[in-house]
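# no letters, just coordinates:
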């Protein structure tokens, strides 16, 4: 999936890529049956609610072009893929189907800037086709087949000389630095949703997810626990963020890893580690969580979804920030923390959010020049290199859960 979203085929077509990312996100959430021409128009093209799709055909035209561009990808860069994303004619919901691997054609000689490295396709598997309305658990497990090239089965990296990256992230790095992006553990998210149980870092490292004894007598629950503890999978948001960071940090070496591939040594020495997800979907964040004022805490009735707890509210601040609807807008929250690593020789950035979409917004925030200027002004410093160890809370809002705007609600210095 990361290979598709981050491919050169879609790099020159931002509108098509936006529609593709939206459709993949909908698949990830298991809400494909809600997708219509109007919902795509509102979410991606910012058309007003209830607009007349028969008079405004932007979605139909774009989907037609997207089908053509997908065919182009699978005929060139994706010629070795065993799973193919298709959008049936007359429909807007994509699905994955398996195809026989054909010989890869000779590359066409044409100028391409910053080509992605060719990565071996995952081994052939049984046919995977997303049901009309899959559960998030089923899609999370299926996604591992598509994302295995980036996590679990190995590390994808590149190092290309070019112009320095912009945004807060670019300002914190030097040429040649190693940046490790740690994806969300998709299995752990599903596990929390099923069992309502939070996993400590120690249990996570040893893959021992203790549960009440009665679950052992239920073969379905036993199978879910076995899947969660014995396989390494992630979600679409991690793929999208990882692709964006790789595209931007062309003077650095970027690695994408699953949390199970890490050890404490990754948080020592020079370089930067970016943790995606809160401390309960990427347990390595628990190494630092006690130092923060803004804490991601599971909701009592929905443990797979967090609120943000403000331990020491300043004047005008709330104690609890809960995702909600504000009229037609969906409001979510993001905590971004930038702190030294365990021995102070490098840095750790922790991106935590109350939804997958707002986590993607956090990744975009790190790469935005405008956001960098806003943050530097808020913290009263002149450059990203002068940033003190700090955490800050963003409110992000938009139609159909797609963030369109943000504002800084609060910030704190983080002490050792």
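Right, received. Where do you want to start? Keep in mind that this is a model prediction, so the values were computed, not measured.
# C-alpha from now on. contacts and neighbour counts both.
Noted.
# mind listing what residue 22 touches?
residue 44 (Cα atoms under 8 Å, 6 or more residues apart in numbering).
# tell me which element it is part of?
helix 14-29 (DSSP states H and E).
# after that helix, next one along is what?
Counting by DSSP H and E, what follows helix 14-29 is helix 37-45.
# tell me what angle the helix holding residue 22 forms with helix 37-45.
Here helix 14-29 runs at an angle of 120 degrees relative to helix 37-45 (axes from the mean of the first three to the mean of the last three Cα atoms, to 10 degrees).
# looks like residue 251 contacts residue 178 (just checking).
No: Residue 251 is beyond contact range of residue 178, at 9.6 Å (criterion: Cα atoms under 8 Å).
# can you give me the helices in the stretch 1-150 of the chain?
2-5, 8-11, 14-29, 37-45, 58-75, 136-147 (DSSP state H, counting those that start in this stretch).
# so, low pLDDT: which residues of the stretch 201-350 of the chain?
Within the stretch 201-350 of the chain, the ranges that satisfy pLDDT under 70 run 210-231.
# strands along that one, start to end?
Secondary structure of the stretch 201-350 of the chain (DSSP state E, counting those that start in this stretch): strands located at 253-257, 272-276, 294-298, 306-310, 320-321, 324-326, 329-340, 347-353.
# any idea which of those strands gets closest to residue 402?
Judged by Cα to Cα, the one of these that comes nearest to residue 402 is strand 329-340, at 7.8 Å.
# and the closest one, what's buried?
Within strand 329-340, the residues that count as buried by 16 or more other Cα atoms under 10 Å are 329, 330, 331, 332, 333, 334, 335, 336, 337, 338, 339, 340.
# check contacts around the fourth one.
Pointing back at residue 332 there. By Cα under 8 Å, 6+ apart, residue 332 lies in contact with 322, 323, 324, 353, 354, 355, 358, 395, 396, 397.
# out of the residues you listed, which end up buried?
Applying 16+ other Cα under 10 Å to those flags 322, 323, 353, 354, 355, 358, 395, 396, 397 as buried.
# of these, closest to residue 376?
Nearest member of these to residue 376, counting by Cα to Cα, is residue 395, at 17.4 Å.
# phi first, then psi, for the closest one.
Backbone geometry at residue 395, expressed as degrees, to the nearest 10, gives phi -110, psi 130.
# nearest spatial neighbour of it, chain-adjacent residues omitted?
Nearest residue to residue 395, sequence neighbours excluded (Cα to Cα, 6 or more residues apart in numbering): residue 333, at 4.7 Å.
# burial measure for residue 279, as a count.
Using other Cα atoms under 10 Å, the number of residues around residue 279 comes to 25.
# so it makes contact with residue 292?
No: the criterion here is Cα under 8 Å, and residue 279 misses it with residue 292 at 11.6 Å.
# that older thread, dump the helices of the stretch 1-150 of the chain to JSON lines, plus mean pLDDT.
As requested, the helices of the stretch 1-150 of the chain are exported to JSON lines (pLDDT from 0 to 100):
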{"stretch": "helix 2-5", "mean pLDDT": "70"}
{"stretch": "helix 8-11", "mean pLDDT": "77"}
{"stretch": "helix 14-29", "mean pLDDT": "81"}
{"stretch": "helix 37-45", "mean pLDDT": "87"}
{"stretch": "helix 58-75", "mean pLDDT": "86"}
{"stretch": "helix 136-147", "mean pLDDT": "39"}
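# cheers, nothing more for now.
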